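In: Dropping the sequence and predicted coords here.
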Amino acid sequence: MARETRVADLVNWHAKLHDLRDAQRCRAPKFLLPFHFVTMALLLKEEGAGTVRISSHMEEYAARLKLWEAIGLVSPAITTEPETSSRYHEITPLKDEQAVQTSAVALAEMLTGDGKHGTKSQREDISIMISELLGNCYHHARAHDGLHGLACAQTWYNDTRAQFAIADTGIGIRQSLHESPDLRPLLRKRNACEYACELGVSSKLGRGHAGYGLAIARDIAMQTPNSLLYVQSLNEVYYVENQKEAEIDSLEHALDGTLIVFEWDLKRPLDLAKVYASWPGNDDDDDTEGFF
């Protein structure tokens, strides 16, 4: 991984995905990241791709992350052990609640150095946050036609970066929030992705969702230098890039469903306790350090 991901990288990738859909080929970047894999796999599965060819220098890497299996194809490559300078969470279809919970725990363990960093409580916190994000993806995905949501993550120790990406081809954030009559008045005036990142905003409050998965991710990104949170649903985008937030109300190349990407510098502590302390009504005096 040569450098941190920029919002422009994600926007440009969506344009390439449209080329891939229309021409059945596109020019791929030199290095594929989790967000490339989950969006590409969903598109190729939706299109019923019978074969997938990528450059030879990337084939083994893609096979290790189980790209072909995520599409429903047989991998063309025999994989070897990953390089010691990086670690990954392979592309995982969120087929059921068990897959959501298993993936959340595995991601939390991976992103905290096999649980070596932070307290048990803090590791559970990040697991809960990721579980809510994955749960949203699972519930909004088009599972009835086999298009389950996908999750993928990787850490690059040499570059001290980490990224996880979650994507689905479901109804999208705006339509989901519109299911709640209480949210509709503000939703008409707001960017849906930005609105969904507010604490307690969810169309499923009290039905297995607390409405804080994206709120935690946003607040962590706002307080962590060199981090990126990117939330896109259809043609709406909200992002926090190096502690500055912005939104795009009408992106040229829309994305089916929803994509969430979070990336950060492993040298920077992610302080979840600080996020909780900043929320209204939180009188917790716990000064526990962050989970990294």
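Out: Cool, the structure landed.
In: mind listing what residue 87 touches?
Out: 110, 154, 155, 157 (Cβ atoms under 8 Å, 6 or more residues apart in numbering). C-betas here are computed from N, CA, C, even on glycine.
In: Is it inside a helix or a strand, and which specific one?
Out: Using DSSP states H and E, residue 87 sits in strand 86-94.
In: can you give me how far that strand is from the chain middle?
Out: Averaging C-alpha positions (Cα atoms, centre = their mean, to the nearest Å) puts strand 86-94 11 Å from its chain's average.
In: Centre of the chain to whichever helix in the chain runs longest, how far?
Out: Selection of the longest helix in the chain by residue count, based on DSSP state H, yields helix 120-140. The chain centre lies 11 Å from the centre of helix 120-140; the measure is Cα atoms, centre = their mean.
In: Follow the chain on from it and name the next helix or strand.
Out: strand 149-156.
In: just the angle between that next one and helix 120-140, please?
Out: On the basis of axes from the mean of the first three to the mean of the last three Cα atoms, to 10 degrees, strand 149-156 is oriented at 140 degrees to helix 120-140.
In: what's the average pLDDT for strand 149-156?
Out: Average pLDDT, strand 149-156: 90.
In: same for that strand, what does it pack against?
Out: helix 34-46, strand 86-94, helix 97-111, helix 120-140, strand 161-168 (3 or more Cβ pairs under 8 Å, 6 or more residues apart in numbering; DSSP states H and E).
In: That strand pairs with which strands, parallel or anti?
Out: Here strand 149-156 is paired, per DSSP bridges, with strand 86-94 (antiparallel), strand 161-168 (antiparallel).
In: Worst mean pLDDT among these?
Out: strand 86-94 has the lowest average pLDDT among those, namely a mean of 86.
In: and the angle for it with helix 34-46?
Out: Put simply, strand 86-94 runs at 30 degrees to helix 34-46, going by the same axes, to 10 degrees.
In: I'd like to know how many residues surround the residue lying closest to residue 169 once chain neighbours are set aside.
Out: In space, and not counting its chain neighbours, residue 169 is closest to residue 257: 4.0 Å by Cβ to Cβ, 6 or more residues apart in numbering. Per other Cβ atoms under 10 Å, the neighbour tally for residue 257 reads 23.
In: Give me the secondary structure label for residue 257.
Out: Three-state call for residue 257 (DSSP: H, G, I helix; E, B strand; the rest coil): strand.
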